[in-house]
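A.B. asks: Output the structure for:
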Amino acid sequence: MPIVNRIADFHSEITAWSHDIHSHPELLYDVHRTAATVAEKLKAFGCDEVVTGIGRTGVVGVIRGAKAGGETKVIGMRADMDALPIEEQTGLPYKSTVPGKMHACGHDGHTAMLLGAAKYLAETRNFAGTAVVIFQPAEEGGAGGKAMVDDGLMTRFGIQEVYGMHNYPGIPTGEFALRTGPLMAAADHFMIELEGKGGHAARPHIAIDTVLVGAQIVTQVQSIVSRNVDPLESAVVSICMFQAGTTDNVIPQTALLRGTVRSLTPEVRDLVQGRLAHMVEGIAALHGAKAKLTYHRGYPVTSNHADQAAFAASVASEVVGSSKVNPDVAPVMGAEDFSFMLLERPGAFIFIGNGDSAGLHHPAYNFNDDIIPIGASYWARLVERAMPA
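C.D. replies: Okay, the predicted model is just below:
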């Protein structure tokens, strides 16, 4: 089946919703305008239930099929609502009206596509079961997915399977990609605080140079991946911040480093964390410095369940054709807090191609409006296929 004709009919309406959200970006849990807009539209569509305040500012809509019989199945579908603290550089007529904030990851389009599917499903109800549309705050580092789960999302609405979707620049417009198992990485963050002995730059022999210690750490932690992780596995260790000193002739007493670790399996995650701790402690001790490592485990691995991934691929193939669906795409080392939902229920996360656009989190990024009816049709067909009338 191709794009749903009824959804294609209100393509321009869904696009207008996306542009409106784009113009009014909100960060993390502070998505009050967006959440209110979503709730208002779901009520106007005639959803059977519209619940706000799940996971602080999340919104959930419940749509019951017209034909029920036997045991009722419940399918959850999730979109994210929050933006990023980036100054927009697109020049679009609907560009951000809020300085320093923009929808640089396409959550405006994600929200609009799921709203479009909700409108269609509430109108047609050509399925036997219950569709639950989930609009989540704080995906961008705030763990809004976990907050919604902790607030009883799955049990309160009886969700049995859960699905997510994200646009992906570089994949051709309207094509889909996913895989069984790890699709996106676990994302951990760490801070290294160093203390040495400050002194004059001309007398380094009576100082303990935290810049030198930090530089050794930056260099040596790369051996964790190259010499400790199995070459057939994947991991990333990146130190992205190094603060030390205030002038050119003083060896600083302290230094601060911050970075991230990405991994695709629990075993590699444990290995990298352990090796990082040993290495930081050892290098500091070698130079007579003190080191404190603070390690925070963030989003877990986004891992698709086999049956649901195969089902999602088949639904996508019905919408765009099997030649435009990659069911075994390589994993990516970015992270996604839909992972918390996949830990609670079987499901699958899928990428939809955004075409040749600027990358995610780039100030020139923009969601591709051409994929709106494709994504919304995927959601609609997923419900109708999973719970046929």
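A.B. asks: Now do the SS call for the most centrally placed residue in the chain.
C.D. replies: Nearest residue to the geometric centre of the chain (CA atoms, centre = their mean): Glu336, 2.9 Å. The three-state assignment at Glu336 reads coil, by DSSP: H, G, I helix; E, B strand; the rest coil.
A.B. asks: show me what contacts it?
C.D. replies: Neighbouring residues of Glu336 by CB atoms under 8 Å, 6 or more residues apart in numbering: 139, 164, 166, 184, 299, 302, 349. Any C-beta I mention is one placed from the backbone N, CA and C, and that applies to glycine too.
A.B. asks: Among the residues you listed, which one lies nearest to Ile239?
C.D. replies: Tyr299 (19.4 Å; CB to CB).
A.B. asks: Confirm that the closest one sits in a strand.
C.D. replies: No. Counting by three-state DSSP, Tyr299 falls outside a strand, being coil.
A.B. asks: Check which residues of whichever helix or strand Leu121 is part of are buried.
C.D. replies: For Leu121, the element it lies in under DSSP states H and E is helix 107-124. If you call a residue buried by 16 or more other CB atoms under 10 Å, then helix 107-124 has these buried ones: 107-122, 124.
A.B. asks: list the helices and strands it packs on?
C.D. replies: helix 5-9, helix 11-23, helix 32-45, strand 58-64, strand 74-80, strand 130-136, strand 161-169, helix 372-386 (3 or more CB pairs under 8 Å, 6 or more residues apart in numbering; DSSP states H and E).
A.B. asks: Most tightly packed of these?
C.D. replies: The highest mean neighbour count among the helices and strands packed on helix 107-124, using mean count of other CB atoms under 10 Å, belongs to strand 130-136: a mean of 28.
A.B. asks: Any chance of the contacts of Glu336 in CSV with distance to Phe190 as columns?
C.D. replies: Formatted as CSV, the contacts of Glu336 follow (distance: CB to CB, whole Å):
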residue, distance to Phe190
Glu139, 21
Gly164, 27
His166, 26
Met184, 19
Tyr299, 15
Thr302, 21
Phe349, 26
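A.B. asks: Which of those residues sits closest to Trp379?
C.D. replies: Set against Trp379, the nearest of the contacts of Glu336 by CB to CB is Gly164 (10.5 Å).
A.B. asks: Where does Gln243 sit, in terms of helix or strand?
C.D. replies: Assessed by DSSP H and E, Gln243 sits inside strand 235-244.
A.B. asks: How about the contacts made by Ile239?
C.D. replies: 217-218, 221, 257-259.
A.B. asks: How much space separates Val59 from Ser23?
C.D. replies: 19 Å (CB to CB, to the nearest Å).
A.B. asks: my bad, should have said Val320
C.D. replies: For Val320, the distance to Ser23 equals 29 Å [CB to CB].
A.B. asks: what do you get for Leu121?
C.D. replies: With distances taken as CB to CB, Leu121 is found 27 Å from Ser23.
A.B. asks: Next: Gly347.
C.D. replies: In terms of CB to CB, Gly347 sits 32 Å off from Ser23.
A.B. asks: got it, and Gly152?
C.D. replies: Per CB to CB, Gly152 is found 33 Å from Ser23.
A.B. asks: do Val383 as well
C.D. replies: Counting by CB to CB, the gap from Val383 to Ser23 is 30 Å.
A.B. asks: just Glu161 next, same as before
C.D. replies: Look at Glu161 and Ser23: by CB to CB, they are 34 Å apart.
A.B. asks: Which among the helices and strands packed on helix 107-124 is found nearest to Asn228?
C.D. replies: Taking those one by one with CB to CB, strand 161-169 is closest: 30.5 Å.
A.B. asks: and the helix or strand that the closest one is followed by, what does it pack onto?
C.D. replies: Next helix or strand after strand 161-169 toward the C-terminus (DSSP H and E): strand 176-177. Here strand 176-177 touches helix 306-320, strand 325-326, strand 347-355, going by 3+ CB pairs under 8 Å, 6+ apart.
A.B. asks: and the angle from the last one to strand 161-169?
C.D. replies: Going back to what we said before, that points to strand 347-355. For strand 347-355 against strand 161-169, the angle by axes from the mean of the first three to the mean of the last three CA atoms, to 10 degrees is 20 degrees.
A.B. asks: ok, strand 347-355: who's next to it in the sheet?
C.D. replies: Here strand 347-355 has these sheet partners by DSSP bridges: strand 161-169 (parallel), strand 176-177 (antiparallel).
A.B. asks: Next, format the ones you listed as JSON lines and append mean pLDDT.
C.D. replies: Output for the strands paired with strand 347-355, formatted as JSON lines (pLDDT from 0 to 100):
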{"stretch": "strand 161-169", "mean pLDDT": "98"}
{"stretch": "strand 176-177", "mean pLDDT": "98"}
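A.B. asks: Save these as TSV, and put in distance to Ile251 too.
C.D. replies: As requested, the strands paired with strand 347-355 are arranged in TSV below (distance: least, CB to CB, whole Å):
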stretch	distance to Ile251
strand 161-169	44
strand 176-177	50
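A.B. asks: Which among those is found nearest to Cys240?
C.D. replies: That would be strand 161-169 among the strands paired with strand 347-355, by CB to CB, at 21.6 Å.
A.B. asks: and the closest one, how far out from the chain's middle?
C.D. replies: The chain centre lies 9 Å from the centre of strand 161-169; the measure is CA atoms, centre = their mean, to the nearest Å.
A.B. asks: okay, it in CSV with CA atoms only?
C.D. replies: Taking C-alpha atoms only, strand 161-169 is exported to CSV below (Å, rounded to 0.1, in the frame of the first residue of the first chain):
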residue,chain,number,x,y,z
GLU,A,161,4.1,-2.9,22.1
VAL,A,162,5.7,0.5,21.5
TYR,A,163,7.2,2.1,18.4
GLY,A,164,9.3,5.2,17.6
MET,A,165,10.5,7.0,14.5
HIS,A,166,13.3,9.6,13.8
ASN,A,167,14.2,11.4,10.7
TYR,A,168,17.8,10.8,9.4
PRO,A,169,19.7,13.2,7.1
